[in-house]
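Peer 1: my questions are about this predicted structure, shown below with the sequence.
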Amino acid sequence: MKRFEGKIALVTGAASGIGKATAARLAEEGALVAGLDVADGAEFRCDVGDEDQVAAAVAAVIAKFDRIDVVANVAGVLRADHTHELKLADWDRILRINLTGTFLVCRAAIPHLLKTKGNIVNTSSTAALGSHPWMAAYAASKGGILSMTRVIAVEYAKQGLRANCVCPGGVATPLHGQFRMPKGADPELLRGAMPPVPYVGPEHAASVIAFLASDDARYINGTEVRADGGALS
């Protein structure tokens, strides 16, 4: 399939995990991909939590490609803490990158997406929908992304812009590999967040993002799609 032939796609978190898989999937389907990340392996260096860096990166994408048709916000971080031990600095960092970063990229890209009648796919999480212990900051950031996406969808629907979320769970990525239960945590508390099938690779979440970003999903707006192997079913 070449659903993105002639399209320009901006993907954050493009150097690894779901972001890298999304960039590859969109490129495979014909898109020219502008990958943003703080790490090596992305075309544009950008800390999505930094307002000036986001503005500069989006301006650079427009200077190179002259348009943006798709934005896939995938960049994110996580950590696990007992909530009563969660440091404010760690709370602030997670919210800054995950939620504020998604907002900053959306804000910078929306004027360009309105010109192309493009769309946004944000990355939330099953943590926004279920009960994930020790993840207060991460879950709050992903819940905020879900709510913000619905706002954008309604606000700009009549102008031809769509916005949706993918909510992954049970996806094996470097980010997931960093997860460590805090000291003294009860692993039984994770049971409700675990899929009844084996974990899958990031390409499975990327396929959902590609669908939502394509014209196949042109009547889907302001909602989320779980890609969690049935964990929350």
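Peer 2: Arrived safely, thanks for sending. In this text the structure is predicted, and so the values were computed from the model without any measurement. Residues are numbered from 1 along each chain as shown.
Peer 1: what comes up buried for the helix or strand of the chain with the lowest mean pLDDT?
Peer 2: When each helix and strand of the chain is scored by mean pLDDT, DSSP states H and E, helix 174-177 comes last, with a mean of 74. Buried residues in helix 174-177, counted by 16 or more other CB atoms under 10 Å: 175-176. All C-beta spots, glycine's among them, are computed from the backbone N, C-alpha and C.
Peer 1: ok, stretch 214-230 next?
Peer 2: For stretch 214-230, using 16+ other CB under 10 Å, the buried residues are 214, 217, 221-222, 224-229.
Peer 1: could you check how far it is from the centre of its chain?
Peer 2: 13 Å (CA atoms, centre = their mean, to the nearest Å).
Peer 1: now do the same end-to-end measure for that stretch.
Peer 2: End-to-end span of stretch 214-230 (CA to CA, to the nearest Å): 24 Å.
Peer 1: any idea how many residues pack against residue 133?
Peer 2: The tally of other residues near residue 133 (other CB atoms under 10 Å) stands at 19.
Peer 1: for the closest residue to it other than its chain neighbours, phi and psi?
Peer 2: Spatial nearest neighbour of residue 133, excluding adjacent residues (CB to CB, 6 or more residues apart in numbering): residue 189 at 4.3 Å. Torsion angles at residue 189 (phi, psi; degrees, to the nearest 10) stand at phi -70, psi -20.
Peer 1: same deal with residue 12?
Peer 2: phi -90, psi 160.
Peer 1: now the spatially most distant residue from the centre of the chain: which helix or strand?
Peer 2: What lies farthest from the middle of the chain is residue 184; by CA atoms, centre = their mean that is 30.6 Å. In the assignment (DSSP states H and E), residue 184 maps to no helix and no strand.
Peer 1: can you pull the contacts of it?
Peer 2: residue 82 (CB atoms under 8 Å, 6 or more residues apart in numbering).
Peer 1: all further residue positions should be reported with the first residue as 452.
Peer 2: From this message on, residue numbering opens at 452, which makes the last subject residue 635.
Peer 1: roughly how far does it sit from residue 603?
Peer 2: The gap separating residue 635 from residue 603 is 40 Å, by CB to CB, to the nearest Å.
Peer 1: cool, and residue 500?
Peer 2: Separation of residue 500 from residue 603 (CB to CB) stands at 19 Å.
Peer 1: now do residue 589
Peer 2: Residue 589 is 21 Å from residue 603, by CB to CB.
Peer 1: of the buried residues of stretch 665-681, which is the nearest to residue 485?
Peer 2: residue 665 (17.7 Å; CB to CB).
Peer 1: doesn't residue 454 make contact with that closest one?
Peer 2: Yes: taking contacts as CB atoms under 8 Å, residue 665 lies within contact range of residue 454: 4.3 Å.
Peer 1: so what sits against both of these two?
Peer 2: Common neighbours of residue 665 and residue 454 (CB under 8 Å, 6+ apart) are residue 480.
Peer 1: that older thread, how far off centre is the helix or strand following the least confident helix or strand of the chain?
Peer 2: Toward the C-terminus, helix 625-628 is succeeded by helix 653-664 as the next helix or strand (DSSP H and E). With CA atoms, centre = their mean as the basis, helix 653-664 stands 11 Å off its chain's centre.
Peer 1: list the contacts of helix 653-664.
Peer 2: 454-455, 460, 468-469, 471-473, 475-477, 480, 521, 523, 525, 570, 572, 574, 615, 617, 619, 622-624, 668, 671, 676, 678.
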